[in-house]
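A.B. asks: Sequence and predicted structure are below.
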Amino acid sequence: MVASLPAASKHTTATARPLLAADVGGTHVRVGLVWPASGGQRLQVQDYRQYRCADHDDLAAILRQFPVDPASLSACVIASAGHALADGTVISANLPWALSTTAIRTALGTPAVHLVNDFEAVAHATAHIDHDQSTLLCGPAQAAEGPVLVVGAGTGLGAALRVPFGGRSLVLATEAGQAAFAATTELEIAVLQQLLRSRPHVSVEQALSGPGLLNLYGALCALRGQSPRHATPDAISHAACEGSDPLAVQTLELFCGLLGSAIGDMALVYGPHGGIYLAGGIAPRIGHFLANSTFADRFLNKGPMRKALERIPVRLVEHGQLGVIGAASWYLERRELEPCTPPSAAVPVHANASRPCIGPRQATAG
């Protein structure tokens, strides 16, 4: 067993067998075989593996490599970045190949393929995170009751809000990463002007992501009249954390400040009194740098709303399996709340917990 978490003891016939759960990001795909709870047991993740997207032709090719007999599965659950359409395809600027439930279902021979937004899945997983699995960046150690916001900067910027109710969760996926990049300092204004030279719209994601870190570095190089020394986000963050390159350090400082400011804005919009989690992507790799940066100051720098934000704990989550755990948790909770879709039907994409169950005549997943 690689990991486990509490789950409801009740489960349906449809979930008595294991699930194949996958977390699909722009750079990596994480896959695990998930066994649902039974009696007093806990939900278990087994045979957890990670694959590079660029090394494979599509998701179906990755899932075929996973060591499991498709006939033993109750379903395949996929947490994916992007916006899911009713025909089973996903619109994403970050995936290197097309994603289709038809191709996956055909390749695996599984009766049902479910898709959920990746950060919607991670938001479900936050209900099972212990404090010893996270690092407090600012705010009180204990959160109040209320919604929980999950934010992650990786290949893109994802965000989702989990609203607890009656022992369950309603999760709202967002496209917060596509909101306009808001500059606050003179340097940020200069960087924004530099970025606007090559595009008509600069989104938050174009500054706060792996590619965004590269955008910030390139803009600073142009402003300083220097030739870039680093060609990848990892190289920039590594040089910054080592302190070996002043411009890389300034770039990562800029990134952390902007991240704090953007998450502070999200906190005012969504009201996550139950806390905020930075999950996955870049943040865990720069944890020490982030904790000693202007992140917290910028998060709180919201004028008269500072006192309100001081009451919200912001935590850095380092649990690498959150997407897989969250996808399984989303599916299992949805199965308990809704009538079961017949095994022969394909389940449409991105169904929220509050969405009615789709019967065979409505099953249009591609």
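C.D. replies: Perfect, I can see it now.
A.B. asks: contacting residues for the closest residue to Leu290 other than its chain neighbours?
C.D. replies: Leaving out its chain neighbours, the residue that sits closest to Leu290 by CB to CB, 6 or more residues apart in numbering is Cys256, at 5.4 Å. In short, each C-beta sits where N, CA and C put it, glycine included. Applying CB atoms under 8 Å, 6 or more residues apart in numbering, we find Cys256 in contact with Ile286, Phe289, Leu290, Ser293, Thr294, Phe295, Arg298.
A.B. asks: so where does the residue nearest the centre of the chain fall, helix or strand?
C.D. replies: By CA atoms, centre = their mean, the mean C-alpha position of the chain lies nearest to Phe119, the distance being 3.6 Å. Element membership of Phe119 [criterion: DSSP states H and E] is helix 118-125.
A.B. asks: likewise Thr135?
C.D. replies: Taking DSSP H and E as the definition, Thr135 sits inside strand 134-138.
A.B. asks: Leaving out sequence neighbours, find the closest residue to His273.
C.D. replies: Closest residue to His273 apart from its sequence neighbours, by CB to CB, 6+ apart: Gly146 at 3.2 Å.
A.B. asks: Tell me which helix or strand comes right after whichever strand or helix holds Gly152.
C.D. replies: Remark: Gly152 resides in strand 148-153, with elements defined by DSSP H and E. The helix or strand immediately downstream of strand 148-153 is strand 157-165, counting by DSSP H and E.
A.B. asks: next one: that following strand to chain centre, how far?
C.D. replies: Taking the mean of its C-alpha atoms, strand 157-165 sits 10 Å from the chain's own mean (CA atoms, centre = their mean, to the nearest Å).
A.B. asks: hmm, who's touching that strand?
C.D. replies: Contacts to strand 157-165, defined as CB under 8 Å, 6+ apart, come from residues 81, 117-120, 122-124, 126-127, 145-152, 169-174, 176-177, 204-205, 208-209, 212, 266, 270, 272, 274.
A.B. asks: now swap in stretch 229-242 and tell me
C.D. replies: The contact list for stretch 229-242 (CB under 8 Å, 6+ apart) reads 210-211, 213-214, 217, 245, 247-249, 251-253, 282, 285-286, 288-289.
A.B. asks: Now, of these, which are buried?
C.D. replies: Among those, those buried by neighbour count (16 or more other CB atoms under 10 Å) are 210-211, 213-214, 217, 245, 247-249, 251-253, 282, 285-286, 289.
A.B. asks: tell me which of those residues is nearest to Gln46?
C.D. replies: Set against Gln46, the nearest of the buried ones among the contacts of stretch 229-242 by CB to CB is Arg285 (26.1 Å).
A.B. asks: any chance you could map the helices in the protein?
C.D. replies: Shown for the chain, the helices assigned by DSSP state H span residues 59-65, 101-108, 118-125, 186-195, 210-224, 233-242, 246-270, 287-291, 295-300, 306-309, 322-337.
A.B. asks: which of those sits most buried?
C.D. replies: Highest mean neighbour count among these (mean count of other CB atoms under 10 Å): helix 118-125, with a mean of 30.
A.B. asks: which strands and helices sit next to that helix?
C.D. replies: In terms of contacts (3 or more CB pairs under 8 Å, 6 or more residues apart in numbering; DSSP states H and E), helix 118-125 is packed against strand 19-24, strand 75-80, strand 148-153, strand 157-165, strand 168-173, helix 322-337.
A.B. asks: can you rerun that using 6 Å?
C.D. replies: Other helices and strands packing on helix 118-125, by 3 or more CB pairs under 6 Å, 6 or more residues apart in numbering; DSSP states H and E, are strand 75-80, strand 148-153, strand 157-165, strand 168-173, helix 322-337.
A.B. asks: how about a markdown table for these, with mean pLDDT added?
C.D. replies: Shown next, in a markdown table, are the helices and strands packed on helix 118-125 (pLDDT from 0 to 100):
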| stretch | mean pLDDT |
| --- | --- |
| strand 75-80 | 91 |
| strand 148-153 | 94 |
| strand 157-165 | 90 |
| strand 168-173 | 85 |
| helix 322-337 | 85 |
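A.B. asks: Out of those, the one nearest Ala98 is which?
C.D. replies: Nearest to Ala98, of all these, is strand 75-80, at 11.4 Å by CB to CB.
A.B. asks: Show me the contact partners of stretch 174-193.
C.D. replies: Outside stretch 174-193, the residues that touch it by CB atoms under 6 Å, 6 or more residues apart in numbering are Gly156, Leu157, Ala159, Val202, Ser203, Val204, Glu205, Ala207, Ala219, Leu223, Ser261, Met266.
A.B. asks: Tell me which two of the residues you listed sit farthest apart.
C.D. replies: Using CB to CB, the pair of the contacts of stretch 174-193 lying farthest apart is Ala159 and Leu223, separated by 28.7 Å.
A.B. asks: Where does pLDDT dip in the stretch 201-350 of the chain?
C.D. replies: The model of the stretch 201-350 of the chain has pLDDT under 70 over residues 336-350.
A.B. asks: hmm, back to that, please report the distance of the residue nearest to His273 from His56.
C.D. replies: Note on Gly146: its distance to His56, by CB to CB, to the nearest Å, is 40 Å.
A.B. asks: Between those two, point out the one with more neighbours.
C.D. replies: His56 (17 against 13; other CB atoms under 10 Å).
A.B. asks: That one reaches Ile62, doesn't it?
C.D. replies: Yes - counting by CB atoms under 6 Å, His56 touches Ile62, with 4.9 Å between them.
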